[in-house]
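*Asks:* from the sequence below, what's the structure:
(6 chains, ligands or ions: 3)
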Amino acid sequence: MDMANTVFMFVATVLVWLMTPALALFYGGLVRSKNVLSTAMHSFTTLAIVSIIWIVIGFSLAFSSGNGIIGGLDYFGLNNVGFDPAEGHTIPFNLFMMFQMTFAILTTAIVSGAYAERIRFPAFILFTVLWVLIVYSPLAHWVWGGGWIAEMGALDFAGGNVVHISSGLAGLVVALVIGKRKNAGATAPHNLIFTLIGGVLLWFGWFGFNVGSELAFDDVAMYAFINTNTAAAAGVLGWMIIEWAVNKKPTLLGAVSGAIAGLVAITPAAGFVSPIASIPIGFIGGIVCFWGVGWLKKKLGYDDALDAFGLHAVGGTWGGIATGLFASDSINAIVTNNGLFYGGGIDLLWRQVVAIVATYIFVGVVTFILISIVNLIFKARATDEEEAKGLDLTMHGERAYQD
Amino acid sequence: MDMANTVFMFVATVLVWLMTPALALFYGGLVRSKNVLSTAMHSFTTLAIVSIIWIVIGFSLAFSSGNGIIGGLDYFGLNNVGFDPAEGHTIPFNLFMMFQMTFAILTTAIVSGAYAERIRFPAFILFTVLWVLIVYSPLAHWVWGGGWIAEMGALDFAGGNVVHISSGLAGLVVALVIGKRKNAGATAPHNLIFTLIGGVLLWFGWFGFNVGSELAFDDVAMYAFINTNTAAAAGVLGWMIIEWAVNKKPTLLGAVSGAIAGLVAITPAAGFVSPIASIPIGFIGGIVCFWGVGWLKKKLGYDDALDAFGLHAVGGTWGGIATGLFASDSINAIVTNNGLFYGGGIDLLWRQVVAIVATYIFVGVVTFILISIVNLIFKARATDEEEAKGLDLTMHGERAYQD
Amino acid sequence: MDMANTVFMFVATVLVWLMTPALALFYGGLVRSKNVLSTAMHSFTTLAIVSIIWIVIGFSLAFSSGNGIIGGLDYFGLNNVGFDPAEGHTIPFNLFMMFQMTFAILTTAIVSGAYAERIRFPAFILFTVLWVLIVYSPLAHWVWGGGWIAEMGALDFAGGNVVHISSGLAGLVVALVIGKRKNAGATAPHNLIFTLIGGVLLWFGWFGFNVGSELAFDDVAMYAFINTNTAAAAGVLGWMIIEWAVNKKPTLLGAVSGAIAGLVAITPAAGFVSPIASIPIGFIGGIVCFWGVGWLKKKLGYDDALDAFGLHAVGGTWGGIATGLFASDSINAIVTNNGLFYGGGIDLLWRQVVAIVATYIFVGVVTFILISIVNLIFKARATDEEEAKGLDLTMHGERAYQD
Amino acid sequence: MSDMFKVEIITRNSTDLEAFKMKMAEIGVSGMTFSHVQGCGLEEGYTELYRGVKKVQNVFDRLKIEIVVSSVPVDDIIKAASSVLHTGKAGDGKIFVYPVQQTIDINTGKQGPAAL
Amino acid sequence: MSDMFKVEIITRNSTDLEAFKMKMAEIGVSGMTFSHVQGCGLEEGYTELYRGVKKVQNVFDRLKIEIVVSSVPVDDIIKAASSVLHTGKAGDGKIFVYPVQQTIDINTGKQGPAAL
Amino acid sequence: MSDMFKVEIITRNSTDLEAFKMKMAEIGVSGMTFSHVQGCGLEEGYTELYRGVKKVQNVFDRLKIEIVVSSVPVDDIIKAASSVLHTGKAGDGKIFVYPVQQTIDINTGKQGPAAL
Ligand SMILES: Nc1ncnc2c1ncn2[C@@H]1O[C@H](COP(=O)(O)OP(=O)(O)O)[C@@H](O)[C@H]1O
Ligand SMILES: Nc1ncnc2c1ncn2[C@@H]1O[C@H](COP(=O)(O)OP(=O)(O)O)[C@@H](O)[C@H]1O
Ligand SMILES: Nc1ncnc2c1ncn2[C@@H]1O[C@H](COP(=O)(O)OP(=O)(O)O)[C@@H](O)[C@H]1O
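*Replies:* Ligands and ions are numbered 1, 2, ... in the order given. Sure thing, here's the model as predicted:
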C-alpha cells in the first residue's frame, strides 16, 4: 500500500466521477430546449443505475477471475473487495473498484448521445441495465480483467476500446435501430454555454481518467498528464483549422468538439507515447472527428444525434491505431514492441487493429441484439406527438426553463 | 503528522468548500428568474461572512475546550491554531480548522433555502451572523468539540445533526415566522439545468464532506466513500420510483432531489455501515424526503420554499435513526454498540433519538428567538411590491438575464 | 522527491487549469448574448494555443537559465524536462512545468477581458501567440526563472506582477489601441449566473494557484490556504459595503467582483502574511477595485470591457504594496526584510514598488508594440456591422442560444 | 363581419393570469393569446448599476393579452378586465380595441363569429 | 389603401416553418413576421409537478405569424395556410384578418401596396 | 374615435432604443410597446453550421414597436421614425398603420384619445 498513490487515486476517481455529470451538460446543451431534461436524465440516471449495479455484480463480472470471456461471482456484493491492495497494486482494492465504477458509468452514459431526443424513458432504462452487464463488463474483462485482449498484447492505456469505441459504436447501432429524428437536419444546439461547461469539465475529469489509469503517480503518470492536455489542445487546433478552411468560420462548438476528439484519441496512447507525439495524435484526432461528424454522418445518413459515434468511435479507432504507430518503450517499459514510427515494425499495429475489429464486432452484434429485445418489451421510439412536444414534457412532465 | 492524510484533507476541504457555491446554483435554479440573484446571494454572502467569523471566533466557540455547552476563546483570531496536529490527529490543526469552516458555511447557507424569495437582505445578514454563532457553533461543540452529545455516545459521522437537521429545522422556523410567499403554490423552477449543475456539484463535494470526516484516508474513509456514492444513487432510484408510481412521471428535479436525499441520509452513517446497508439507507432516504416535500409540506401548510426542511431535516432524521439500525463494529471499531439490525439491541438507536430530539429542541427554540429579534431590528419580510417585482431588482438593483 | 507533495501539486495544477475555463464563463456572462461565444472562445482558444506553445518553447524561455532578461532553449520541446525534481524542489520537474503552464494560460486569457466584444478573431490569435512569448515568458523569467526581479529581493508569492498586473495592464493597452465599443455605456451582463459560476470556480482554482505556489504542502502552504480564502471573503465584504454605501444597493456582481479583487490582492502576499493581515488586504482590495472599475475607468474614459485592468492591475498593484506592508518572517522564513507594519521599515516596500513600476513599463511598452504590429497585419477592430450583429455570428457563424 | 373586435390589453407582467382567465371564462371568452412585451408609458424608470455602468430602465416588462370576440360585448370584457387589473397605480396599463375583418378556425374551417 | 389587410395566424409552435414559408413564397408573399406567444383555447391542459407543487398548464406555447398583404388575395393565404397547418386536432389555431390603413417601407420610402 | 391609429414598426433589433424614444418624446408620443419578433423579408439569409448540420437562417431577429396615437399626426411619427431608422440597407423594416376603435386607460378609466 502506498498512501500517496492512494490519495492520488481518490482524486482521480472523483475527477472521473465528475465526467458523467459533465456529459449531461455537454449533451444537454446540444439538444433543443424541449429535450434538455430528458437528455440530462440519460446521463444522470445512468450514474445512479450503474453505481448500484457495479457494486452488486458488475465489478465482479468484469474483474473477478472467471475465464477469458467473462469474470465470475467472486466479488458479488463486494464480497472479497476490501481495503487491501490487489496483487501488483499499491492502492486499496475497493478504491480500484470505485475507480473502475466511474469508467463503467461514463461509458454507458456516452451511448445515450446517439439516440437523444427520441427514445422513450423505460426503454432507455432497460437498455442501460442490459448493456452495462452484457456489453461493458465482458469487454472490460477482456482488456483489463485478464481476458484475451490483454493476453494478446494489444495496448489500451485508459480505454480506447473499452470506453470510446464501445460506447460510440453502441450508440450508432441504437440510432440505426430506432431511426432518425423528424427534422434531424434542422436542429441546432439550444445552449452552447452548457455544452462548453460540460466540455471543459470533461477535459478536467480526463486528467483523472488518463493519469489515474496508471493507478500510481509515477513517471508514466506524468507522461499521461502532459499528453492528455497536449492532445486536447492539439485537437482544438486541428478541428478549428480544418473547420476554418472548409466552412470559413471556426466555431466554439468545433473547438470544444476538437478538445473531446483529441482527448478520445490520446486515451489508449496516453501512457505509451511522448508529449511531442501527442501533438499529431490530438491534431489528427480533431481532423478525423470533424470528418466523422460532418462527412461520414451525412454520407451514411444515420442520425447519431450528438455524435457518440463520430467523436468516440472514430476518435477511439484513430487513437488505437496511433498507439500502434507512436508507442515507445522509452516512455513506458510495459511496451514490449515499439510502434511503427519507433522502429517496432507493424507487429503492434496489427494487434491494435485486431483488438479494434474484435471490439467492433462484439459490441455491434450484441448491442443490436439487446436493443432489439428492448424494443420488443417497451417500444423504444417516442411517438410523433411525443417527439414534437419534446421528451421533457411527455416523459418527465417538466420544463427546464420558465420565468 | 501524516503528509498523505494532509494532502487528502486539503482535497476534502476544497471539495466541501465547493458545496456552498453549488448550493447557490442548486437553489438559484429553483426560484423564479426574478429572485435568482437574491437566492444565490444568500449562499454566496454566507460564504464570505462565515469565512471571516469562523477564523475570528466561530472556530474557537465550537472547538476550544470551554465546557459541555460551548467552547472558550482559546482559539480567538486563530490564536494557538497552528500547523501542528491536534492530539489524536495526523493533519495540521489549522487544516482541521479550514475543513470545519466549510461545514459551518454550508450549514448556514442551507437554511436560506427555506425563506427564499421573500426575505429582506439586511435581515438575512443579521440572522446569518447570529445563527452561526449562537446555534451552529454550540451544536458543533456538542457533537465534535467534546460536548455532551459526543459524551453520550450517539454517533454522527459527518454531521446529520449538526449540519442537516439543524439547518433544515432552522429553515422551517424562519419560514414559519416570516410567512408564505404570495402565490407559493404556483411557482416553478426557472432553470432546472442550474439546479442540476448545483446538485451534481453537491454530490461531488459530498465525497469531501463524508470521506474527509474520517480526517484520514483509511479503511473507514473508503467505506465512507463507497457508501456516499451508493446511497446517493439509491436515493435517486428511491425518489424516482416512488414518484413514477405516485405521479406517473419520473422527473429530473425528483432524481436530483433524490440524490441529495440519499446523501443527507448517509451523512451520519457513512463511516459506520456497510456498502450494502447504504442501499436501503439511501433508497428510503429518497422515499421519506419525497414524502417530506410532497405530503408533509402540503399537510402542514408551511412554505419552506426550497425544501430545506423536507430534504435536510427529514433526511437527516432518517439518517440518524438509520445509523442506530445499521451501525456495525465490523465496519468501524469506534462503534461500541452495534445497531439494531446488527445485534446491538435498541441501545444505540435510543441514543440516536435522544441526540436528534435534543437537536430539534435546541435549534427550534433558539432559531425562533433569533429570527424574532432580527425581525424587531430589521423587518425581515419583503413588502408585497418588493416580492412582486422580485428581490433581484428591489434588493440588489440587478437583473440576472438580459440580451 | 516527495510523493505527498507531488500528489498535492498534481491537484494544485488541475485546480489552476480549471481557472481558464472558469474565466471563459466569468467573462462570457458579462457580455451581451450576441458576443458570449466569442468571449468564451478567447479563453478557450488561449488554453489550446498556450498549451502547445508552452511545451514547445514557452517554458524554456521562461525557466531555462539563459540570462537575466530571458531564458534559453535548453528545455525546447521539453528536452531535459523529466520526472526528476529540479534542484531545491521535491516534485517532478515536468509537473512543475505543467503547473507553470496553467499560469501562462490563465494570464494570457485574462487579457482578453479588456478588448471583448470588438476584436477580430485572427488578430486575437496572433496577439495571443506573440504576447505569451514576448511579454509573459520574459516576465516569468524575471520573477521566477532566476531573473533580475528575483535577484533584487522583491516578493511575489503567486504572481501579483507576473499574472495580474501584467495581464490587466496589457488589457488596458489593447483596449486603448482598438478603441471603445459603440454603446459601451449601455451594456449589461447577459447572464450573471454564468458569471457567478465562473467566479466561484476561479476562487476554487485559486486554492491551487496560491497554495500550490509553495510547491509543497507545508506550514507556509497552510498560511497561503487560509489567507486565500480569508482575503476573498474580505474582498466580498469590502466591495459590498462600499457599494451599498455609494450606490445604495449591494449587487451580486459586486460581491463576485469583490471576491476576485480580494484574491488578486492576496496573490503576491499569500505566503508571507498572517491570516489576520489578510483581512485588511482583501477588504481594501475590494474597495480599491470598486474604485478602479467605477471611478477610475469613468474618469480616464477607456473601455476596458470586462475590467481586466480595474480588477487585476489595480488589485495586483495593491497586493504588491500590501506585501511590502504586511510581510513577516514569522510566517515565512524566506522574508528577510519584514514589511513596514512589521518593523521592517520601507526597504521591502521600496523593492516592491520598483518591481511593480518595472512591470508596468515593460508590459505597457511591449504590449503596445505588439498590438500595433498585429493591427498592421490583421485589422484588429471589428467593423461597425460586425459589432452590431455580434461577434458570435460574424466571427464564428454560431449563436449561443436557440430554442 | 363588422361585429368582430380584438381587445388588446397591455398590463403588468406580474398579473395573476389564473384570476384573469377565470374572470374571462365567466363572461364567456373562450380563447386568448398572451405575449411578453416591453413598454414605456407613465410609470417612472429606475436605475440599474453594473460595475459602475449605469443602466436607466424606463422600459418595463409587460404582458399583452389579445382577445378576439364578437358575441361577447366588448364592453363586458373591458369592464371585467379593468376590475381585475385596476390597482390605481401607474403601470396598470391600457386597453386598445381594433376592428377585425374575418376569423377562421383552422381545425374546423369555420368562419366569422362561429370560429370563435 | 382600403385593400391592405393583415392576416394573423396563431398556431402550434412546433409548426414546420420552412414548409410554411415555402408555401407562402409560392403564392407570392414576400415578407412576414413571427412571434412566440402563448395561448389558451380549446386544447386541453395538463399538469406539471415540481416537488409536489402542481402547476396546471392550460396555456400553450404558440406561434403567431403576421402577414400584411394587398395584391395577394387574403383568401389565397387562408387557403394555403390552412392546408399546411390543418391536422384536425384541437390546437391547430385561428386566423384573424385585420384592415390595414397604410404601409411604408422605411428603406425605400415607398408607401401603400407598393411598399410590400 | 375614428381618429385613433396604431403605428406598427418592424425594424432591426439592434436599433438604438434610447435615440428612438427620445425622438418620439420630442413629437409628443407618451407611450409605446416593444416586442421581440422574428421576420423574413428582403434581407438575405446566411448559414450557420453546427457540427456539419447546416442551418440556413433567413429569419432575422426584429424589433416590433407599437404606438397608438390620436393627437399626434400619424405622418409625424412615420417621418420621425423613418429618419431614425433609415440606413438605406435591406432590413430597415416596414411601418404598418391600423385603425383603432377604442382606447381605455385602466388606471384612470379614461376613454378614447384622452386615454393616451
Ligand atoms: N400610446 C401607446 N401606444 C402603445 N402602447 C402604449 C401606449 N401607451 C401605453 N402603452 C403601453 O401600455 C403600458 C402601460 O402604460 P403606462 O402608461 O405605464 O400605464 P398607466 O398609463 O396605466 O400608468 C406601457 O408600458 C406601454 O407598453
Ligand atoms: N378568441 C380568441 N382571441 C385571441 N386568441 C385566440 C382566441 N381563440 C383562440 N386564440 C388563440 O389561438 C390558439 C389556438 O386556439 P385553440 O382553440 O387551441 O385551437 P383550435 O380552436 O384550433 O383547437 C389559442 O392557443 C389562442 O392563442
Ligand atoms: N408583408 C409583410 N407582412 C408582415 N411583416 C412583414 C412584411 N414584409 C416585411 N415584414 C417584416 O418587416 C421586416 C423587415 O422587412 P425587410 O424586407 O427585411 O426590410 P426591408 O424591406 O426594409 O429591406 C421583416 O423581417 C418582417 O418581419
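*Asks:* all helices of chain D, in order?
*Replies:* D:17-26, D:74-85 (DSSP state H).
*Asks:* pick the most deeply packed of these.
*Replies:* Counting by mean count of other C-beta atoms under 10 Å in any protein chain shown, helix D:74-85 has the highest mean neighbour count of the helices of chain D, with a mean of 18. Backbone N, C-alpha and C define where each C-beta goes, glycine included.
*Asks:* do the helix or strand of chain D with the lowest mean pLDDT and chain F meet?
*Replies:* Using mean pLDDT, DSSP states H and E, strand D:53-57 stands out as the lowest-scoring helix or strand of chain D, at a mean of 83. No - Strand D:53-57 is not in contact with chain F by C-beta under 8 Å from any C-beta of the partner chain; minimum separation 8.5 Å.
*Asks:* which strands or helices does that strand pack on?
*Replies:* strand D:46-50 (3 or more C-beta pairs under 8 Å, 6 or more residues apart in numbering or on different chains; DSSP states H and E).
*Asks:* quick check: buried residues in the strand it packs on?
*Replies:* D:48-50 (16 or more other C-beta atoms under 10 Å in any protein chain shown).
*Asks:* for stretch A:367-386, same thing?
*Replies:* Per 16+ other C-beta under 10 Å, stretch A:367-386 contains these buried residues: A:367, A:370-371, A:374-375, A:380-382.
*Asks:* and that stretch, does that touch chain E?
*Replies:* No - using C-beta under 8 Å from any C-beta, we find that stretch A:367-386 stays clear of chain E, coming within 9.0 Å at best.
*Asks:* span of that stretch from start to end?
*Replies:* 25 Å (C-alpha to C-alpha, to the nearest Å).
*Asks:* one step back: reformat the helices of chain D as CSV; add mean pLDDT and distance to chain C.
*Replies:* Rendered in CSV, the data for the helices of chain D read as follows (pLDDT from 0 to 100; distance: least, C-beta to the nearest C-beta, whole Å):
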stretch, mean pLDDT, distance to chain C
helix D:17-26, 87, 22
helix D:74-85, 90, 29
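*Asks:* got the ones you listed as JSON lines, with distance to chain B columns?
*Replies:* Putting those into JSON lines (distance: least, C-beta to the nearest C-beta, whole Å) gives the following:
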{"stretch": "helix D:17-26", "distance to chain B": "7"}
{"stretch": "helix D:74-85", "distance to chain B": "14"}
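*Asks:* and of those helices, who's closest to E:Phe34?
*Replies:* Evaluated over the helices of chain D, closeness to E:Phe34 peaks at helix D:17-26, with 23.0 Å, by C-beta to C-beta.
*Asks:* near ligand 2 at all, the closest one?
*Replies:* No - shown here: helix D:17-26 not in contact with ligand 2 (C-beta under 6 Å from any ligand atom), separated by at least 9.7 Å.
*Asks:* what's the angle from that helix to strand E:53-57?
*Replies:* 40 degrees (axes from the mean of the first three to the mean of the last three C-alpha atoms, to 10 degrees).
*Asks:* show me what helix D:17-26 is packed against.
*Replies:* Against helix D:17-26 (3+ C-beta pairs under 8 Å, 6+ apart) you get strand D:32-40, strand D:60-69, helix D:74-85.
*Asks:* and the contacts of it?
*Replies:* Helix D:17-26 is contacted by residues B:186, D:32, D:34, D:63, D:65, D:67, D:77, D:80-81, D:83-85, E:40, E:58-59 when judged by C-beta atoms under 8 Å, 6 or more residues apart in numbering or on different chains.
*Asks:* contacting residues around residue 42?
*Replies:* By default, I'm working from chain A. A:His42 touches A:24, A:27, A:109, A:112, A:116, A:124, counting by C-beta under 8 Å, 6+ apart.
*Asks:* wait, I meant chain D there
*Replies:* D:90-91, F:30-31.
*Asks:* what sits closest to the closest residue to chain B within the stretch 251-400 of chain A if chain neighbours are left out?
*Replies:* Relative to chain B, the nearest point of the stretch 251-400 of chain A is A:Gly397 (3.8 Å; C-beta to the nearest C-beta). The shortest distance from A:Gly397 to any non-neighbouring residue, by C-beta to C-beta, 6 or more residues apart in numbering or on different chains, is to B:Lys249 (3.8 Å).
*Asks:* got it, and A:Trp17?
*Replies:* That would be A:Thr102: by C-beta to C-beta, 6+ apart, it lies 4.7 Å from A:Trp17.
*Asks:* measure the one you found to A:Leu18 for me?
*Replies:* Computed with C-beta to C-beta, to the nearest Å, the distance linking A:Thr102 and A:Leu18 is 9 Å.
*Asks:* ok, those two, which is more surrounded?
*Replies:* A:Thr102 (27 against 22; other C-beta atoms under 10 Å in any protein chain shown).
*Asks:* can you tell me the element that one falls in?
*Replies:* According to DSSP states H and E, A:Thr102 maps onto helix A:93-111.
*Asks:* got the CA positions of that helix in CSV?
*Replies:* Output in CSV follows, covering the C-alpha atoms of helix A:93-111 (Å, rounded to 0.1, in the frame of the first residue of the first chain):
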residue,chain,number,x,y,z
PHE,A,93,-8.7,-2.8,-3.8
ASN,A,94,-12.0,-1.2,-3.1
LEU,A,95,-10.6,2.1,-4.3
PHE,A,96,-9.7,0.4,-7.6
MET,A,97,-13.3,-0.9,-7.7
MET,A,98,-14.6,2.7,-7.3
PHE,A,99,-12.2,4.0,-10.0
GLN,A,100,-13.4,1.3,-12.4
MET,A,101,-17.0,2.2,-11.5
THR,A,102,-16.7,5.7,-12.8
PHE,A,103,-15.5,4.2,-16.1
ALA,A,104,-18.5,1.9,-16.4
ILE,A,105,-20.8,4.8,-15.7
LEU,A,106,-19.3,7.1,-18.1
THR,A,107,-19.1,4.6,-21.0
THR,A,108,-22.7,3.7,-20.6
ALA,A,109,-23.7,7.3,-20.5
ILE,A,110,-21.8,8.2,-23.6
VAL,A,111,-24.0,5.9,-25.6
